[in-house]
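A.B. asks: I would like the atomic coordinates for the input below:
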Amino acid sequence: MNWKTCLVFLTAFSLAIASSPVLAKKKKKKKKKDKQNITKIIPKKEFVNALMKLADDERVPVASSTLVEKGRGEDYYSVEKLFDNDLETFWAEGAKKSGYHEWIAFHIPDDSTHLEIVPGAGKEQFENFNRPRTLLVDFYSVKYKRDKETDKLKPTFKWLGRSRYSFKDKPQPVRKKIPVKLPELAIAQRAMYIGVIILEKVYKGQFDDTSIAEVKTSAVWGEDL
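C.D. replies: Reported below is the predicted structural model:
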């Protein structure tokens, strides 16, 4: 065997060893983060409690906090005011400071394609309260199963996607297309879609409570707004 033949043989042998599944080093695949059961910003316990309230009555949204003033009823700034089709009524959060990461959970009909949000406290009180500059909207599908031992509903949820809304400092609506398609839910089990509004940056008002006037879902097929 001459030296050229020997070189070819050694090269082929080296390549065979390198390609061997036993000897070759396998690249470690990075595990994808599980996005099935995470609530992103909201603590899971609080989120599950909100889902249980929505299961009792999907018409009533749930807020992390609500402003209560002396001399006014507890429901004066209620989160239900977001869905009353009245732009002069509004929800105001009741946390300390500007309400960063305060949130609202609400039911979304499964044929919805767009979500519209009107910032602020109506036209008359617009500059009195803080109003959103930016906020997030997370979308979830939620299924409720009945626990065999306790006979109570137990929610499981899946995060579907997120939108970010930016507002001018005016009481003008911003409508955006929901970033995920909401297919028809199975009738065989209790299920629904949930939207979660999460406050971020705000425009400052006279009072350090952030307000939103109205939230509306709509089904507009064939539109890409």
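A.B. asks: center of this structure, which residue is that?
C.D. replies: For the chain, D138 is the residue whose C-alpha lies nearest the centre (Cα atoms, centre = their mean; 1.3 Å).
A.B. asks: name the SS class of that one, please.
C.D. replies: D138 falls in the strand class when you classify it by DSSP: H, G, I helix; E, B strand; the rest coil.
A.B. asks: helix, strand, or coil at the nearest residue to it once chain neighbours are set aside?
C.D. replies: Spatial nearest neighbour of D138, chain neighbours left out: V196 (4.4 Å); criterion: Cβ to Cβ, 6 or more residues apart in numbering. (Each C-beta comes from the backbone N, C-alpha and C, glycine too.) Secondary structure, three-state DSSP: V196 is strand.
A.B. asks: lowest-scoring secondary structure element of the protein by mean pLDDT?
C.D. replies: In the chain, no helix or strand scores lower on mean pLDDT, DSSP states H and E than helix 3-19, which sits at a mean of 50.
A.B. asks: which element follows that one toward the C-terminus?
C.D. replies: The helix or strand immediately downstream of helix 3-19 is helix 44-56, counting by DSSP states H and E.
A.B. asks: before we move on, the earlier item: quick one: pLDDT of the residue nearest to D138?
C.D. replies: Per-residue confidence (pLDDT) for V196: 97.
A.B. asks: kindly state the beta-bridge partners for it.
C.D. replies: For V196, the beta-bridge assignment (DSSP bridges) gives partners A105, D138.
A.B. asks: give me the phi and psi for G94.
C.D. replies: phi -120, psi 20 (degrees, to the nearest 10).
A.B. asks: how close does it get to K177?
C.D. replies: Per Cβ to Cβ, to the nearest Å, G94 is found 31 Å from K177.
A.B. asks: got it, and R72?
C.D. replies: 37 Å.
A.B. asks: which one of these two has more residues nearby?
C.D. replies: Neighbour count, other Cβ atoms under 10 Å: between R72 and K177, K177 has more, with 13 against 10.
A.B. asks: pretty sure the more buried one is in contact with S112, am I right?
C.D. replies: No. If you go by Cβ atoms under 8 Å, K177 and S112 don't touch, sitting 10.1 Å apart.
A.B. asks: which SS state does E88 fall under?
C.D. replies: Secondary structure, three-state DSSP: E88 is coil.
A.B. asks: and it, how many neighbours?
C.D. replies: Neighbour count of E88, defined by other Cβ under 10 Å: 14.
A.B. asks: how about the nearest residue to it, chain neighbours excluded?
C.D. replies: Computed as Cβ to Cβ, 6+ apart, the closest residue to E88 that is not its neighbour in sequence is G122, at 4.0 Å.
A.B. asks: now K176
C.D. replies: When the adjacent residues along the chain are set aside, K176 lies closest to S163, with 5.4 Å between them (Cβ to Cβ, 6+ apart).
A.B. asks: mean confidence score for the helix or strand that contains that neighbour?
C.D. replies: S163 belongs to strand 153-166 when assigned by DSSP H and E. Averaged over strand 153-166, pLDDT sits at 93.
A.B. asks: which strands border that strand, and is each parallel or antiparallel?
C.D. replies: If you go by DSSP bridges, strand 153-166 pairs up with strand 134-146 (antiparallel).
A.B. asks: only the buried residues of the strand it pairs with, if you could.
C.D. replies: Applying a neighbour-count criterion of 16 or more other Cβ atoms under 10 Å, one finds L135, L136, V137, D138, F139, Y140, S141, V142, K143, Y144 buried in strand 134-146.
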